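Peer 1: Test case, fold it:
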Amino acid sequence: MELQGATALVTGSNRGLGRQFAVELLRRGAKVYATARRPELVDVPGAEVLRLDITDPASVTAAAAAAGDVDVLVNNAAFMAGGNLVTGDLESIRLAMESSYFGTLAMIRAFAPVLARNGGGAVLNVLSGAAWQTVDGNTAYAAAKAAQWSLTNGVRLELAGQGTLVTGLVPGMIDTEPMREFAAAHGYDLPEGALDDPAHVVARGLDGLESGEVEVVHGFAVDAKAALAGPPRALDPAALGGAA
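Peer 2: Below you'll find the model as predicted:
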């Protein structure tokens, strides 16, 4: 997938990893639709800003109609404050699943015909190593990301016939505002180097997309995936070191 001259749409572009994706795609020569539920918060010079709530079917449909030239879809938006499954707020748990799973699915269903018309293109889903190793305080988010990982593997098969590359980017813990808010709220004293640089994660993901990789695993997610062959285990944030 050649990003120079491509047209990309990024969900959740108002901050964190989404903003970094929009900035880096522009740097690589792509046209970028930077989207967010509150478009007034998007600050990405050179991007075309669109309002988009991936949990609202009408909003998704409107975005697909407005961005009919897209050939790269970056599904980044996610609700991180899902809490725990047994004791957490059920509406927050549902919202975690609505954003990571159903919202991602809605975007892919809406944009699959767009990508097909434009030659196939690519989808990049931002997943999480939490799908393979979770921590107390974010088990709902981890469950949603596990479902999104399975979704990614499923739509890859379904979209292969139209020539659409589907890549899963599976990072560890990233140095973004939402991640630091989560760590502070749950009392995690993260060691130096535990949080990955967003620019590094985005560059690695886009490099993988350009080279045709179907899964890009980064940071603690490398060890988390390898550990799937053994018994399930929780992540110890205090034991994290630098990025892989």
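
Peer 1: show me where the chain has strands.
Peer 2: 7-10, 31-36, 48-51, 72-75, 122-126, 165-170, 215-217 (DSSP state E).

Peer 1: want to throw those strands into a markdown table with distance to residue 64 and mean pLDDT?
Peer 2: Every C-beta, even on glycine, is put in place using the N, C-alpha and C of the backbone. Formatted as a markdown table, those follow (distance: least, Cβ to Cβ, whole Å; pLDDT from 0 to 100):
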| stretch | distance to residue 64 | mean pLDDT |
| --- | --- | --- |
| strand 7-10 | 9 | 98 |
| strand 31-36 | 11 | 98 |
| strand 48-51 | 10 | 98 |
| strand 72-75 | 10 | 98 |
| strand 122-126 | 13 | 98 |
| strand 165-170 | 17 | 98 |
| strand 215-217 | 25 | 96 |
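
Peer 1: Include mean neighbour count and distance to residue 82 when you put those strands into a markdown table, please.
Peer 2: Output for those, formatted as a markdown table (neighbours: other Cβ atoms under 10 Å; distance: least, Cβ to Cβ, whole Å):
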| stretch | mean neighbour count | distance to residue 82 |
| --- | --- | --- |
| strand 7-10 | 28 | 22 |
| strand 31-36 | 26 | 20 |
| strand 48-51 | 17 | 24 |
| strand 72-75 | 29 | 17 |
| strand 122-126 | 25 | 16 |
| strand 165-170 | 24 | 18 |
| strand 215-217 | 21 | 22 |
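
Peer 1: Reformat these as JSON lines; add distance to residue 22.
Peer 2: Below are the strands of the chain laid out as JSON lines (distance: least, Cβ to Cβ, whole Å):
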{"stretch": "strand 7-10", "distance to residue 22": "5"}
{"stretch": "strand 31-36", "distance to residue 22": "4"}
{"stretch": "strand 48-51", "distance to residue 22": "9"}
{"stretch": "strand 72-75", "distance to residue 22": "8"}
{"stretch": "strand 122-126", "distance to residue 22": "13"}
{"stretch": "strand 165-170", "distance to residue 22": "15"}
{"stretch": "strand 215-217", "distance to residue 22": "18"}
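
Peer 1: Could you tell me which ranges of this structure sit under the pLDDT cut-off?
Peer 2: 182-183, 185-194, 236-244 (pLDDT under 70).

Peer 1: What is the longest helix of it by residue count?
Peer 2: helix 139-159 (DSSP state H).

Peer 1: So which elements touch it?
Peer 2: helix 90-97, helix 104-117, strand 122-126, strand 165-170 (3 or more Cβ pairs under 8 Å, 6 or more residues apart in numbering; DSSP states H and E).

Peer 1: for that helix, the distance to its chain's centre please.
Peer 2: The chain centre lies 11 Å from the centre of helix 139-159; the measure is Cα atoms, centre = their mean, to the nearest Å.

Peer 1: Relative to residue 68, which of the helices and strands packed on helix 139-159 is closest?
Peer 2: helix 104-117 (5.9 Å; Cβ to Cβ).

Peer 1: by how many degrees do that closest one and strand 31-36 diverge?
Peer 2: Between helix 104-117 and strand 31-36, the angle comes out at 160 degrees (axes from the mean of the first three to the mean of the last three Cα atoms, to 10 degrees).
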